[in-house]
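# build me a structure from this.
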Amino acid sequence: MSADSTNITKYVLSVTDEGLSSNAVITSTRYKVTIEQQPKSASEAAEAGVGNVKGFDYGTALRTILANIKVPAGASLTVIDGDGAYVPLKTLNFDTAYVNVTVNSDIYLSVVAENGVTEIVYQLLPSTSASEAFVLSDIYNVIQKDVLIQYVPRGTSVSTLMSNLVPNAGATMKLVNKMGQQRMDGGVADDDKLVVTSKDGSVTKAYFISKLATDAVPQTTYLAYILSNVYAVDQVVYTVAGVSGTETVSSFLTKVSPATGASVAVVDKTGSVKINGDINGGDKVMVTSADGKMIVYYTFSSLTSAKTIESNNIELYPNPTNGVINVSGVKAGYRIQVYNSVGAAIRDINVQSSIERISLSNQPAGMYMIVVSDNSKMLGRYKALKQ
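The predicted structure is shown next:
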C-alpha cells in the first residue's frame, strides 16, 4: 500500500512442494565444470562445496567466462579472489585506463543456491602444465618474450608489486635482489628480479622490472641483461651455457641480444674487453645499461668441445615437430635439458633408454634448444623447431 493509501499492489508467493532450490551447480557448453566436493545439506553445519572450471587459456577475459556459464534459477554468483575479496570485470592499469580483468588461478566463482544456504566455490583453472613458469598482471605490462615487467610505478612496495602479479597455476614466485636474496618488504629496487618456479620445480624463469618515468626521473629504468635463442641463459645466477670453446667473440655477440639500449661485450679475467679471438675459460659477458648506472656480469658454464658434439650419433626426429620429438643415440644415465627461446629450462630428463621421447605439446610454437650431457661433459647441443 502506498503512503497515501491510494495504490495497492498484491504479490503472490509461488513455491513448490520441495521449497526453495538447493541447486548451486553451474553448467557450461563451452567449458568443463567439475564438482570436487559436494556441499553439506542445509540440515547440517553449512559447508561450501568445491569445484573448478577448465577449458580456457590464460589471457581470457573474465567477462567471457561469465558469459559462457549458466547459473541455476534463483541462485546468485559472486566473483572473488583467494582472500574472499570481490573481483571486478574491469580494473585500472598502469596508465589509469580501464582494462578487462583476465582469468588466473586465484579467481573463484562463489555460487549460492536459491535457499541462501547451499554454496559451491569454483576455482578458475586456465590451461597450463606442471613444468610451465610464467607470471601475468592486469595492472602492469608483462612482455613474456623479453621476460620483462613494465610500467611499475617508482616507490612501489614489495607487497604491492606481488599482490598485482599472478603466477600460472601451481607455480610460485618471489622477488630477489641482485645477490639472489629474497625481498620480503621495503620498496622495489631497480635491479630486483621476480623469480617464478614451475609446479614440478623443473623450470625457473627470472623477470626483470622496468619502472615508470616521473618528473624527477624522466626516463624509465634502464636495465642490463641479455637474451639468446641459441644459448641457455640463466638469469637467476647469471650464467650462459652451451658455448663452444672454439666460438669466436664476434660470433658469440651476434647470438645474444641485450636489453633495450644496453651494450654487451666479452671481457677476460682481468676485465679487459676482447675484440677478437675465442671464448676462453675465465671470460665473462659484461652488460651495461643505457645510462651506464647498471653493470651485470654473466659467467660461462663449462665450454663445450665442437669435436665431441660432431662425433656422436645422437639424432632428433621429427624436426620440425608438431608436439613430440624423439632423441635417439642416447644411453641410460644421460641427461637431456630442453630450453625455450628465452633461455628458460622447460624439461630436465634423466634418460632411461636409447630413444627418449620429449613432449612439447603444452609449449608454444618456436625454436627450442636441446642439450645432451653425461653429467660430466656436454655431448651435443641441438635446435628443435615446434610448428
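# for S373, phi and psi?
phi -140, psi 170 (degrees, to the nearest 10).
# doesn't L379 make contact with it?
Yes: between S373 and L379 there is a contact at 5.7 Å, judged by Cβ atoms under 8 Å. C-beta coordinates here come from the backbone N, C-alpha and C atoms, glycine included.
# what do the two both touch?
Y334 (Cβ atoms under 8 Å, 6 or more residues apart in numbering).
# of these two, who's got more company?
Each of S373 and L379 has its neighbours counted (other Cβ atoms under 10 Å); L379 has more, 22 against 17.
# my read: that one touches V372, true?
Yes: the criterion here is Cβ under 8 Å, and L379 meets it with V372 at 4.7 Å.
# which stretches of this structure aren't confidently modelled?
Along the chain, segments meeting pLDDT under 70 span 41-46, 214-221, 302-312, 341-343, 375-377.
# partner residues bridging the residue nearest to N350 when sequence neighbours are not counted?
Closest residue to N350 apart from its sequence neighbours, by Cβ to Cβ, 6 or more residues apart in numbering: R335 at 6.3 Å. Listed beta-bridge partners, R335: N350, S373 (assigned using DSSP bridges).
# likewise V327?
L316, E356.
# show me the contacts for it.
Contacts for V327 (Cβ under 8 Å, 6+ apart) come out as I314, E315, L316, I336, I355, E356, R357, I358, I370, V372.
# stretch 182-197: which residues count as buried?
Applying a neighbour-count criterion of 16 or more other Cβ atoms under 10 Å, one finds R183, V188, D190, D191, D192, K193, L194, V195, V196, T197 buried in stretch 182-197.
# contacts for it, please.
133-135, 149, 152, 155-159, 161, 165, 167, 171-178, 203-209, 211, 221, 223, 235-236, 294.
# that stretch spans what distance, first to last residue?
Criterion Cα to Cα, to the nearest Å; first-to-last residue distance in stretch 182-197 is 14 Å.
# do a quick rundown of the strands in the stretch 201-350 of the chain.
Taking DSSP state E, counting those that start in this stretch as the test, the strands found in the stretch 201-350 of the chain are 204-211, 226-227, 232-234, 239-241, 257-258, 263-267, 284-288, 295-300, 315-317, 324-328, 335-339, 345-350.
# would you format those as a markdown table with distance to G84 included?
Shown next, in a markdown table, are the strands of the stretch 201-350 of the chain (distance: least, Cβ to Cβ, whole Å):
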| stretch | distance to G84 |
| --- | --- |
| strand 204-211 | 28 |
| strand 226-227 | 39 |
| strand 232-234 | 38 |
| strand 239-241 | 42 |
| strand 257-258 | 43 |
| strand 263-267 | 47 |
| strand 284-288 | 44 |
| strand 295-300 | 41 |
| strand 315-317 | 49 |
| strand 324-328 | 42 |
| strand 335-339 | 39 |
| strand 345-350 | 34 |
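# who wins for proximity to T91 among those?
Of all those, the one in closest proximity to T91, counting by Cβ to Cβ, is strand 204-211 (20.0 Å).
# sorry, back to before: list only those of the contacts of V327 flagged as buried.
Counted by 16+ other Cβ under 10 Å, the contacts of V327 give I314, L316, I336, E356, I358, I370, V372 as buried.
# ChimeraX command for the buried members of the contacts of stretch 182-197?
The ChimeraX command for the buried members of the contacts of stretch 182-197 (criterion: 16+ other Cβ under 10 Å) is given here:
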select :133,134,135,149,152,156,158,161,165,167,171,173,175,176,203,204,205,206,207,208,209,211,221,223,235,294
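# now, the contacts of stretch 182-197 that are in helices?
V158, S159, L161 (DSSP state H).
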